[in-house]
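Novice: Next one to model:
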Amino acid sequence: MNTRVLLLLAGGAAALWSIRNWRRSVQLAMVLLIFEGAFRKWVFPGSQDLVYFAKDVLLLGAYAGYLRSSSRARWRLPALPLFYAGLGLAVLLGLLEIFNPALPNLLVGVFGFKAYFFYVPLLFVLPDVFPSDGALLRFLRRYALIAVPVGALAVAQFFSPASSFLNTYARSNEENIYIATFGSSTYVRVTATFSFITGYTSYLIAAVILLLGLLAALGWRFQRNLPLFVALVMTIIGMLMTGSRGPVLMLMLLFPLYWWLAVIREQGGGLAFGRLILALALLVAVVGYAGQDALGAFLGRAAGVEDVRSRLASPLEAPLKLLPEAGLVGFGIGATHQTAVALAPRLVPYSWLRPGLIIEVETGRVMVEMGGLGFVLIYFLRLYLVVFALRQVFVLKTRFHRAVAVMALLFFLTGLPASVIFDVISDVYYWFFAGLLFAVVRLDREAAAAGARAVPVLEEAA
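Specialist: Numbering: from 1, shown residues only. A predicted model of the protein is given here:
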């Protein structure tokens, strides 16, 4: 019995298990999201396509288990009629776009629909995964600490040659694959446990936001929280070792908002701010000493950048330029997706699009695929979640819940210009943070109804 057959049997068993254990399945899928690339690169290189869908099998089973469970009746959704209406219209339009005649075949449309909407149910499932603040905090802390071994692997890759077994990408049946380096430097741009650099950078953004949110909830206390600080250091060093400027720039832009919302405006904000300054000083010292090679390689690559302005402006300019070509309905959901080429092997890649419509930025790709109508719906939903998260930062009654709302807000802001739909790692994390936001809204409501404080769970963890 070959490996692929065994994996298919294991997938079937995992699907059945996930239906019965849907809460654990969601958590396991989030962990698998981090290590999926490692399995594809080093454990099952000949069955990468099957491993790629492993998390989806777990989540699909979790969705089914959630629907058959009576627990979902214990809480009501936040009253967001405009958001739910917009989401329903977007899903309906996405279904219709599967049959867009401009697409090469239906399979392209089906996979395109998956990219847009498969992870949306996390918004509704996650609030039922964590029954209490303690359960949620324990999971988030443990999940954040995974950044330590992931970062350690990235360090090992950085100091290994490009020909090393550690430095490989998840591509099958290809030889002499070029491993990206820092220009003339021999240092590689690391991928850690992920398939490619983009996946690792997407994880790093989510990880640093999660860590900052947890430290804010804990008042930036050092006592009993040293592992979180270590994870933050490893995450920052990992950002430098990828050579990607986007995550570093995004972190710099978001940090003042984080400082205001999650630190200084909270009770004891002055003391927490003092701890934050001390932590940042230590962070700079550690990165400067232990990560000086990574910092030097990153600065050397960043110094040669000349297209910063165009890259910053392209997410805003692209949809406006492409609207006349895309029209109201576009060229079909999935038309520009990276899987479309494999799903239409007999055609010239992207020959179903007009010349000039192959574009990298997600805002432009959504416009091309979904047209003006779909573009408005998709970005209405993203803007709505930004506004909703910001409102919860000021409305929620406990510090922990407000900190999670800040996490969600920051990640939603990264999703406005960056890739979410066409980057599966960001896609999962986007709806994961949305689900966390809905979860703390529910927990805050229950705490208020019971007249209970949520502070003790933080005091235990601090």
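Novice: switch to C-alpha atoms for all contacts and neighbour counts from now on
Specialist: Fine.
Novice: ranges for the strands of the stretch 351-462 of the chain?
Specialist: Using DSSP state E, counting those that start in this stretch, no strands are found in the stretch 351-462 of the chain.
Novice: Dump stretch 48-60 to PDB, restricted to CA.
Specialist: Provided in PDB are the C-alpha atoms of stretch 48-60 (Å, rounded to 0.1, in the frame of the first residue of the first chain):
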ATOM      1  CA  GLN A  48       2.200  17.400  -1.100                       C
ATOM      2  CA  ASP A  49      -1.300  18.000  -2.600                       C
ATOM      3  CA  LEU A  50      -2.900  15.600  -0.100                       C
ATOM      4  CA  VAL A  51      -1.100  17.100   2.900                       C
ATOM      5  CA  TYR A  52      -2.100  20.600   1.700                       C
ATOM      6  CA  PHE A  53      -5.800  19.700   2.200                       C
ATOM      7  CA  ALA A  54      -5.300  18.100   5.600                       C
ATOM      8  CA  LYS A  55      -6.300  21.200   7.600                       C
ATOM      9  CA  ASP A  56      -9.300  21.600   5.300                       C
ATOM     10  CA  VAL A  57     -10.500  18.100   6.100                       C
ATOM     11  CA  LEU A  58     -10.300  18.800   9.800                       C
ATOM     12  CA  LEU A  59     -12.100  22.100   9.400                       C
ATOM     13  CA  LEU A  60     -14.800  20.600   7.200                       C
END
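Novice: Tell me which residues are up against that stretch.
Specialist: The contact list for stretch 48-60 (CA atoms under 8 Å, 6 or more residues apart in numbering) reads 4, 7-8, 11, 14-15, 18, 25-26, 28-30, 32-33, 36-37, 39-41, 44, 170-172.
Novice: do stretch 3-17 as well
Specialist: By CA under 8 Å, 6+ apart, stretch 3-17 touches Ser47, Leu50, Val51, Ala54, Val57, Leu58, Leu60, Gly61.
Novice: State the mean pLDDT of it.
Specialist: For stretch 3-17, mean pLDDT rounds to 86.
Novice: Then stretch 389-406?
Specialist: Stretch 389-406 comes out with an average pLDDT of 95.
Novice: Stretch 80-87 now?
Specialist: 96.
Novice: Show me which residues of that stretch are buried.
Specialist: Neighbour-count burial for stretch 80-87, counted by 16 or more other CA atoms under 10 Å, picks out Phe83, Gly86, Leu87.
Novice: In contact with the nearest residue to the last one once chain neighbours are set aside, which residues?
Specialist: Spatial nearest neighbour of Leu87, excluding adjacent residues (CA to CA, 6 or more residues apart in numbering): Leu381 at 6.9 Å. With contacts taken as CA under 8 Å, 6+ apart, Leu381 has the following neighbours: Phe83, Gly86, Leu87.
Novice: Mark which of the contacts of stretch 48-60 are part of helices, please.
Specialist: Among these, DSSP state H puts 4, 7-8, 11, 14-15, 18, 25-26, 28-30, 32-33, 36-37 in helices.
Novice: on that earlier part again, make a PyMOL selection of the buried ones in the contacts of stretch 48-60.
Specialist: A single PyMOL command selects the buried members of the contacts of stretch 48-60 (16+ other CA under 10 Å):
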select buried, resi 4+7+11+14+15+18+25+26+29+30+32+33+36+37+39+40+41+44+170+171
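Novice: Quick check: which ranges of the stretch 201-350 of the chain have low pLDDT?
Specialist: Applying pLDDT under 70 to the stretch 201-350 of the chain flags the ranges 290-291, 302-310.
Novice: quick one: contacts for the nearest residue to Ile359 once chain neighbours are set aside?
Specialist: Once flanking residues are discounted, Ile359 sits nearest to Arg365: 6.4 Å by CA to CA, 6+ apart. Residues in contact with Arg365, defined by CA under 8 Å, 6+ apart, are Pro319, Thr336, Ile358, Ile359.
Novice: Then Ala64?
Specialist: Applying CA under 8 Å, 6+ apart, the residues contacting Ala64 are Ile19.
Novice: residues of the helix or strand containing Leu322 that come out buried?
Specialist: According to DSSP states H and E, Leu322 maps onto helix 308-326. If you call a residue buried by 16+ other CA under 10 Å, then helix 308-326 has these buried ones: Ser314, Pro315, Ala318, Pro319, Leu322, Leu323, Glu325, Ala326.
Novice: can I get these in CSV with distance to Leu278?
Specialist: Converted to CSV, these look like this (distance: CA to CA, whole Å):
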residue, distance to Leu278
Ser314, 37
Pro315, 36
Ala318, 42
Pro319, 43
Leu322, 48
Leu323, 49
Glu325, 53
Ala326, 51
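Novice: Which single one of these is nearest to Leu214?
Specialist: Each of the buried residues of helix 308-326 was scored against Leu214 by CA to CA, and Pro315 proved nearest at 30.5 Å.
Novice: if I look at the closest one, how far off is Gly415?
Specialist: According to CA to CA, to the nearest Å, Pro315 stands 11 Å off from Gly415.
Novice: same deal with Ser69?
Specialist: 32 Å.
Novice: Over to Phe194?
Specialist: 20 Å.
Novice: One more: Ala408?
Specialist: 11 Å.
Novice: repeat for Leu323
Specialist: Relative to Gly415, and taking CA to CA, Leu323 is found at 21 Å.
Novice: re the thing from before, give me the subset of the buried residues of stretch 80-87 that lies in strands.
Specialist: The members of those all map outside strands under DSSP state E.
Novice: Which single one of the ones in helices among the contacts of stretch 48-60 is nearest to Ile421?
Specialist: For those, the nearest to Ile421 is Leu33 (15.5 Å; CA to CA).
Novice: thinking again about what came up before, tell me which two of the contacts of Arg365 sit farthest apart.
Specialist: The widest separation within those (CA to CA) is 14.0 Å, between Pro319 and Thr336.
Novice: re earlier: for Glu325, see how far away the residue nearest to Ile359 is.
Specialist: The gap separating Arg365 from Glu325 is 12 Å, by CA to CA.
Novice: Then Leu59?
Specialist: 36 Å.
Novice: And for Leu385?
Specialist: Leu385 is 29 Å from Glu325, by CA to CA.
Novice: contacting residues for the closest residue in space to Asp427 that isn't next to it in sequence?
Specialist: Residue nearest to Asp427 in three dimensions, not counting chain neighbours: Val420, with 4.7 Å by CA to CA, 6+ apart. Residues near Val420 by CA under 8 Å, 6+ apart: Glu362, Ser426, Asp427, Tyr430.
Novice: And the buried ones among the residues you listed, selectable in PyMOL?
Specialist: To isolate the buried members of those in PyMOL, using 16+ other CA under 10 Å:
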select buried, resi 362+426+427+430
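Novice: Among the contacts of Val420, show me the least confident.
Specialist: The member of the contacts of Val420 with the lowest pLDDT is Glu362, at 93.
Novice: Could you double-check that that one sits in contact with Leu316?
Specialist: No - here Glu362 does not reach Leu316: they are 10.3 Å apart, not a contact under CA atoms under 8 Å.
Novice: got the residue ranges for the helices in the stretch 101-250 of the chain?
Specialist: Secondary structure of the stretch 101-250 of the chain by DSSP state H, counting those that start in this stretch: the helices cover 106-117, 122-129, 133-145, 147-158, 197-217, 226-242, 245-258.
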